[in-house]
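# From the sequence below, what's the structure:
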Amino acid sequence: MTPIPTFARLVALSAALAIPAAALAQASPDGAAYTKTLDAAFDDVTFAVEQAITNAGLVIDNTSHVGEMLSRTKADVGGAKDLYTEADAYTFCSADVSRKVMEADITNIQFCPYSIFVYETADQPGRVTVGHRLYPGDTMAPVNALLSGIVDEATAE
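Sure, this is the predicted structure:
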């Protein structure tokens, strides 16, 4: 058996990794998102989001403090301006909904876990946006409905 040259292995690995990356990039090709914006304190809105997620019987796996990370690294990466006063993303999964969408299309695993984002921009303090990405295809409709319901509950006045 002839060993595969290192360059050929790298090309094969790159090709293998490009397929999943391309699939993820297709998740929302136009960057579409379901959002609601309201005039409120960021902490009040994040509390409402956390409550809406747990009220749906879900457990938050992770809270990513995107705004803090971008602020902390702005100078290191040559950032020119502040984007957010605060921004967080919550990730979680639903065993029930995930099973349904993955039974419909096994490749829907690529979208799990799901997330809800919350942000307040630096140029509009006091206006907080809550939302989620819109997942493509009919098989992901249950996830879109779940996430939209959480956003709606969290932003209900």
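# for the protein, what are the low-confidence residue spans?
1-30 (pLDDT under 70).
# Report the secondary structure state of the residue nearest the centre of it.
The centroid of the chain falls nearest to residue 115 when counting by C-alpha atoms, centre = their mean (4.0 Å). Following DSSP: H, G, I helix; E, B strand; the rest coil, the label given to residue 115 is strand.
# quick one: it and residue 133, what's the gap?
Look at residue 115 and residue 133: by C-beta to C-beta, to the nearest Å, they are 7 Å apart. The way it works is simple: take the backbone N, C-alpha and C, and place the C-beta from them, glycine included.
# rewinding a little: quick check: the residue nearest to the centre of the chain touching residue 66?
No - under the criterion of C-beta atoms under 8 Å, residue 115 makes no contact with residue 66, lying 10.5 Å away.
# Next, show the common contact partners of those two.
residue 89 (C-beta atoms under 8 Å, 6 or more residues apart in numbering).
# Name the surrounding residues that touch stretch 136-153.
26-29, 34-36, 48-49, 52-53, 55-56, 94, 97-98, 100-101, 104-105, 108, 111, 114, 116, 130-132, 134-135.
# and if you look at stretch 39-49?
By C-beta under 8 Å, 6+ apart, stretch 39-49 touches 38, 85-86, 88, 90, 116, 118, 120, 126-128, 130, 150, 153-155.
# same check, this time on stretch 82-95
42, 46, 49-50, 53, 56-68, 70-71, 74, 112-122, 125, 143, 146.
# In helices, which of the contacts of stretch 136-153 appear?
Secondary structure from DSSP state H places 48-49, 52-53, 55, 97-98, 100-101, 104 of the contacts of stretch 136-153 in helices.
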